[in-house]
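*Asks:* I would like the atomic coordinates for the input below:
(2 chains)
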Amino acid sequence: MEKIPILKMGDFLLVTIQVDMHDRLAMALQDDLTKTISQTDARGVLIDISSLEIVDSFIGRMLSNIAAMSRVLDAETVVVGMQPAVAITLVELGLSLPGVRTALNVDAGMELLRASVGANKELYGSRLR
Amino acid sequence: MSEIQLNQKNGTLAGVLGSHMDKILAEWLREMSNTVRRSDLIKESDLRAECSRFLQLMKQATELDGNNFQSPAFDGVRDMLAEISRNRSQKGFKPSETATFVFSLKRPLFNEIQAQHKGDAEGMAAGIWSLTELLDAMGLYTTEVFLKSREDIVRRQQEELLELSTPVVKLWEGILALPIIGTLDSARTQVVMESLLQAIVQSNSRVAIIDITGVPTVDTVVAQHLLKTITAARLMGADCIISGVRPQIAQTIVHLGINLLDITTKSTLAAAFSVALQRLGITFVRETVKS
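*Replies:* All right, here's what the predicted structure looks like:
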């Protein structure tokens, strides 16, 4: 079965979704990611969905679940590179992903993570809500 | 009515057109000069050429397939009527004037048919009836084409307006502005949303300012559309600021119970721009030049 790789970059984990997500793959990712966070003591998770072109409500919910789970495991989640069509679809589905932070690209997302993990620095970019 | 009679009658109209074309043409032109000749809009010679071409086409059509305006034999006539109707609407004719162009042909043709059926009241009535039907269908057709050409214009203008009305402007590296002018409906919001999100990706902008100075009213639908756009932008990692909120609009928003608390709103585009610069960590310093 195909698997989504989880790369460790310093304190952070980088997940790049480059294949079409189906439900089982999403569940496997959720499992893998939570395991890896606790094993590596990661402080942040970056999910790059720039090549994801199709979403449904399940994938949308999975993203917010992953964010919530990582927060429980003391890691911030940033979703980066969402395509306009995907954003519109999620909004039309009524999924505004509250609690998920977003950034335009991996660069901006890394900056955001560093800023938030690096304690009291003021945050720019997307707000927490 | 038997088949033979039908053919005779049809033959009559075609025959009349064939044998008395010049006379009919002259009478038709005279008829028009009494009613709707707009010498300011169309030249005498053009009108004459148009009329004689029309009579030719009509003769051919009636010879082929009697008085059935829907039949393929009348394709030529229909095309010409459509062309006349379009040309005239462009020149500024009223639709009734274009229709009268056809209706004014009634009297000359009636006269001819009357002359053909001297003493045959039944044949005359039948001939006139079928002729009336044909001419009415033609007159209505010109009006139809006229309306259709108008509708096409309206539709094209709507589309153009839609495209023109949603410019996304880059104010600074990383700051976009979207001045919305006019009422936001579902179709427009879709275009606005898509062009904004597309521009965010292309220009890599972290802040987008939506300026609603030009939006006359904000109701729940408009507000919901705005919120959707803002949420979509946030999902992509960009922040939105609403600017240009007028006092009345602020009152309406509160009265409608719309929650805009999570969104930064500013009264002017300038204020929103300065917030955007702040978020990107850009500051301006005025240099005083000593002389």
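*Asks:* Is B:Leu178 in a helix, a strand, or coil?
*Replies:* Under the three-state scheme (DSSP: H, G, I helix; E, B strand; the rest coil), B:Leu178 adopts strand.
*Asks:* Could you give the bridge partners of it?
*Replies:* Beta-bridge partners for B:Leu178, by DSSP bridges, are B:Ile210.
*Asks:* Name the nearest residue to whichever residue of the stretch 101-250 of chain B sits closest to chain A, ignoring sequence neighbours.
*Replies:* Chain A sits closest to B:Leu197 of the stretch 101-250 of chain B, with a gap of 3.4 Å, by CB to the nearest CB. To be clear about C-beta, it is placed using only N, CA and C from the backbone, and glycine gets the same treatment. Nearest residue to B:Leu197, sequence neighbours excluded (CB to CB, 6 or more residues apart in numbering or on different chains): A:Pro84, at 3.4 Å.
*Asks:* do the same with A:Arg101
*Replies:* A:Val78 (4.7 Å).
*Asks:* neighbours around the residue nearest to B:Asp185 when sequence neighbours are not counted, how many?
*Replies:* Once flanking residues are discounted, B:Asp185 sits nearest to B:Val221: 7.8 Å by CB to CB, 6+ apart. Other residues lying near B:Val221 total 13 when counted by other CB atoms under 10 Å in any protein chain shown.
*Asks:* and the helix or strand where B:Val221 lies, what does it pack onto?
*Replies:* For B:Val221, the host element (DSSP states H and E) is helix B:220-236. When contacts are defined as 3 or more CB pairs under 8 Å, 6 or more residues apart in numbering or on different chains; DSSP states H and E, helix B:220-236 packs onto helix A:84-92, strand A:101-103, helix B:186-203, strand B:207-214, strand B:239-243, helix B:247-256.
*Asks:* and it, which residues are buried?
*Replies:* For helix B:220-236, burial by neighbour count (16 or more other CB atoms under 10 Å in any protein chain shown) applies to B:222-223, B:225-236.
*Asks:* and the residue of the stretch 101-250 of chain B closest to chain A, what does it touch?
*Replies:* A:84, A:87-88, B:232-233, B:236 (CB atoms under 8 Å, 6 or more residues apart in numbering or on different chains).
*Asks:* Can you check the pLDDT for B:Asp40?
*Replies:* B:Asp40 is assigned a predicted lDDT (pLDDT) of 69.
*Asks:* which residues touch the residue nearest to B:Leu197?
*Replies:* Applying CB under 8 Å, 6+ apart, the residues near A:Pro84 are B:194, B:197-198, B:200-201, B:232, B:236.
*Asks:* From B:Ala232, how far out is it?
*Replies:* According to CB to CB, to the nearest Å, A:Pro84 and B:Ala232 sit 7 Å apart.
*Asks:* can you map out the strands along the chain?
*Replies:* If you meant another chain, say so; for now it's chain A. Ranges of strands in chain A, per DSSP state E, are A:6-9, A:12-16, A:44-48, A:76-80, A:101-103.
*Asks:* not what I meant, chain B
*Replies:* Using DSSP E, strands in chain B cover B:169-172, B:175-181, B:207-214, B:239-243, B:264-265.
*Asks:* closest one to B:Ala61 among the ones you listed?
*Replies:* Among those, the nearest to B:Ala61 by CB to CB is strand B:175-181 (51.3 Å).
*Asks:* helices and strands around that closest one, which ones?
*Replies:* Right, strand B:175-181 is packed against strand B:169-172, helix B:186-203, strand B:207-214, helix B:269-279 by 3+ CB pairs under 8 Å, 6+ apart.
*Asks:* Take those and write them to a markdown table, including mean pLDDT.
*Replies:* Compiled in a markdown table, those are given as follows (pLDDT from 0 to 100):
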| stretch | mean pLDDT |
| --- | --- |
| strand B:169-172 | 92 |
| helix B:186-203 | 87 |
| strand B:207-214 | 92 |
| helix B:269-279 | 93 |
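*Asks:* Adding distance to A:Met110, write those out as a markdown table.
*Replies:* Formatted as a markdown table, those follow (distance: least, CB to CB, whole Å):
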| stretch | distance to A:Met110 |
| --- | --- |
| strand B:169-172 | 22 |
| helix B:186-203 | 18 |
| strand B:207-214 | 19 |
| helix B:269-279 | 18 |
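*Asks:* Please work out which of these is packed deepest.
*Replies:* strand B:207-214 (a mean of 22; mean count of other CB atoms under 10 Å in any protein chain shown).
*Asks:* Any idea how far that one is from the middle of the chain?
*Replies:* Relative to the mean C-alpha coordinate of its chain, strand B:207-214 is positioned 30 Å out (CA atoms, centre = their mean, to the nearest Å).
*Asks:* Closest one of the buried residues of helix B:220-236 to A:Ser64?
*Replies:* When the buried residues of helix B:220-236 are ranked by distance to A:Ser64 (CB to CB), B:Leu235 comes first, at 11.0 Å.
*Asks:* Show the pLDDT at that closest one.
*Replies:* For B:Leu235, the predicted pLDDT is 92.
*Asks:* if we can go back for a sec, and the two most separated of the buried residues of helix B:220-236?
*Replies:* Maximum distance among the buried residues of helix B:220-236 (CB to CB): 21.8 Å, for B:Val222 and B:Met236.
*Asks:* how close does A:Asp32 get to A:Val15?
*Replies:* Counting by CB to CB, the gap from A:Asp32 to A:Val15 is 9 Å.
*Asks:* higher neighbour count, these two?
*Replies:* Set A:Asp32 next to A:Val15 and count neighbours by other CB under 10 Å: A:Val15 wins out with 20 against 15.
*Asks:* give me every residue that touches B:Lys59.
*Replies:* Counting by CB under 8 Å, 6+ apart, B:Lys59 has contacts B:14, B:17-18, B:21.
*Asks:* Drop anything exposed from the residues you listed.
*Replies:* B:14, B:17.
*Asks:* Need the pLDDT of the closest residue in space to A:Thr36 that isn't next to it in sequence.
*Replies:* Nearest residue to A:Thr36, sequence neighbours excluded (CB to CB, 6+ apart): A:Ile6, at 5.1 Å. Listed pLDDT for A:Ile6 reads 92.
*Asks:* I'd assumed A:Val15 was in contact with A:Ile6.
*Replies:* Yes. Under the criterion of CB atoms under 8 Å, A:Ile6 makes contact with A:Val15 at 5.4 Å.
*Asks:* Many thanks, I have nothing further to ask.
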